[in-house]
Every structure is written in structure tokens, then in C-alpha cells.
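J.: Got a predicted structure here, sequence first:
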Amino acid sequence: MHRQALRMSPAITQQVRHRLTNTITRPFFASSIRFQSTQTRQGTPAGATMTASAATRVSNRIKHDHEELREYYNNIKNAQRDDDKAKWQNQFVWELARHSVAEEIVVYPAMEKHIPNGVVMAEKDRSEHQQVKEKLYEFQSMTPADPTFLPTIDSLWGSLSQHIQEEEQDDLPALEKVIDADASGALARSFDRTKHFVPTRSHPSAPDRPPYETAVGMMATPLDKLRDMFRRFPEDK
Ligand SMILES: [Fe+2]
Ligand SMILES: [Fe+2]
């Protein structure tokens, strides 16, 4: 890109600053980005320095995200105005995109490493993510006035809720069973940090495992963040 193209008029600069400070603060995490290795040693992920309570175990962290996604889905369905539907749509896309990629970077490699049949389990999860990402990719560009808007989110939620149920009933309990509380807490913290710099929109063609996922995710991130500045989100979140 030419330097010329990066220059902004004072009016535009002011508009961008206004949006950064007043309109959309959640998806813009530049100041809090921290990079860390997601490689783990057997039972002791990097950074495991304190005892994790039940609340900070990685499975609880992930279940919390799942509950939020369910809430956002219901809000899309129940919103009366198209404008509100669009805001919850943005919230849903943003949360699901980064939740999925953070699982692929942090949680699935840990399953592969620690669970005896973890490779098969992670493969199944990646393939389910792929189906969901393709639907999310379609959904993220739709407007609520589009007659396929609700059928698309319903179809997406059908696949996603099935996947969530499998993660909560089978995969996460299997992982928690073979790692201790410290390791689980460190994975939870790594999961949270990773969510801060992964893409905020669906990129179904991106590779879905480290190190490629990480590299492609990082490259897609600045563009996503810039687009996010002009997307609108519910006020109370
Ligand atoms: Fe998942
Ligand atoms: Fe999940």
C-alpha cells in the first residue's frame, strides 16, 4: 500500500478516534496484545505458576463462551428491529470466530498431546469447525432484511450446538481427566490471551492447526480489526 493511501484527513482521523474511544472498544485490543508460545510440556503448559480453582479451569472458560454464544443467538432471533439484529449478528460473528480459532490453537493441540485418542478427537472437532466456519462466512455478510438471514443462523446454530454438546460432554471432560488443575488453569489463560489477537471474522480457507493457523490468523488480524472499527455492536456488552 502507498504511503499516500495511509494518510487521513483531520476530519477522518477525528472520526476514527471517536469510533475507537466511543463506539467499538471490544474488538480492538492492540494495547493488550501479548504473544506467547502455546507449546506445552506433558501436564505442565508454559506459564503454569499458580493453582487453578474450578472457575479457572479451561473447560469452564470454554463453557462460559458457549453460554454467551447461545445468548447472542437468542438475541439475534428475538430482536425486534433489524438494527438490533445486525448488532447481535456482529457480536455473534466476532465471538464465534475468535473462540473457534483459540480452541484450534490452544485446546485441540493439548487434547492431541495429553489424551490417548486425542488426535482422532481433535480431527473430528476441526472438521466440525470447518462446517461451522463456512456457514459463518456466509452469515457474516448478510443483512437482517435478507430472507435467508434467519434460516442461515438457524442452520449454523444447529451444527454449532451439536458440536458444543460434544465438546462439553466428551472432549473437555476427557482433557480435564488427564491434566492437573495448574495445567488446566494455564490453558485457560493461554486461551484468553489467544482470543485477543486471532481473527474476528470467519476465514474458512485458513489452515486450522499450528503453526499455520497462528501465522495466517496473525496476518488476517489487522484487517479484521480495522473492519471492526466500522461495525456496530450492542451497547451493553
Ligand atoms: Fe469447538
Ligand atoms: Fe467451543
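T.: Yep, it's here. Ligands and ions are numbered 1, 2, ... in the order given.
J.: Could I get the full set of helices for the chain?
T.: Residue ranges of the helices in the chain, as given by DSSP state H, are 3-6, 10-18, 58-78, 82-102, 108-114, 118-140, 149-166, 172-178, 181-195, 212-228.
J.: any chance of these in a markdown table, with distance to Pro234, mean pLDDT and mean neighbour count too?
T.: Quick note: C-beta positions are derived from backbone N, CA and C, even for glycine. Formatted as a markdown table, the helices of the chain follow (distance: least, C-beta to C-beta, whole Å; pLDDT from 0 to 100; neighbours: other C-beta atoms under 10 Å):
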| stretch | distance to Pro234 | mean pLDDT | mean neighbour count |
| --- | --- | --- | --- |
| helix 3-6 | 31 | 40 | 6 |
| helix 10-18 | 19 | 43 | 11 |
| helix 58-78 | 8 | 97 | 17 |
| helix 82-102 | 5 | 93 | 22 |
| helix 108-114 | 30 | 96 | 21 |
| helix 118-140 | 16 | 94 | 18 |
| helix 149-166 | 16 | 98 | 16 |
| helix 172-178 | 28 | 98 | 17 |
| helix 181-195 | 19 | 92 | 22 |
| helix 212-228 | 14 | 56 | 16 |
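J.: From Leu96, how far out is the closest residue to Leu160 other than its chain neighbours?
T.: Leaving aside its chain neighbours, Leu160 sits nearest to Val132 (5.2 Å; criterion: C-beta to C-beta, 6 or more residues apart in numbering). Shown here: Val132 relative to Leu96, a distance of 7 Å by C-beta to C-beta, to the nearest Å.
J.: Same check on Glu128?
T.: 13 Å.
J.: Show the contacting residues for Asp84.
T.: Asp84 is in contact with 75, 234, counting by C-beta atoms under 8 Å, 6 or more residues apart in numbering.
J.: if we go to 10 Å?
T.: 75-76, 78, 144, 232, 234 (C-beta atoms under 10 Å, 6 or more residues apart in numbering).
J.: same question, Asn75
T.: Residues in contact with Asn75 (C-beta under 10 Å, 6+ apart) are 84-85, 87-89, 91-92, 234, 237.
J.: Please repeat the previous calculation with a cut-off of 7 Å.
T.: Trp88 (C-beta atoms under 7 Å, 6 or more residues apart in numbering).
J.: Please shift the residue numbers so they start at 506 in all later answers.
T.: In the new numbering, first residue 506, that becomes Asn580.
J.: Okay, Val611 and Ile567: tell me how far apart.
T.: According to C-beta to C-beta, Val611 stands 10 Å off from Ile567.
J.: what do these two both touch?
T.: Common contacts of Val611 and Ile567 (C-beta under 7 Å, 6+ apart): none found.
J.: Now do His701, the pLDDT please.
T.: The score at His701 is 79. That number is its pLDDT.
J.: Ramachandran angles for it?
T.: Torsion angles at His701 (phi, psi; degrees, to the nearest 10) stand at phi -70, psi -20.
J.: That one and Arg694: what is the separation?
T.: Separation of His701 from Arg694 (C-beta to C-beta): 11 Å.
J.: Check His634 too.
T.: Note on His634: its distance to Arg694, by C-beta to C-beta, is 22 Å.
J.: Name all residues that make contact with Glu633.
T.: His668.
J.: And for Ile567?
T.: 612, 672, 677.
J.: Enumerate every residue touching the last one.
T.: Under the criterion of C-beta under 7 Å, 6+ apart, the neighbours of Leu677 are 564, 567.
J.: can you check Asp697 too?
T.: Contacts for Asp697 (C-beta under 7 Å, 6+ apart) come out as Arg566.
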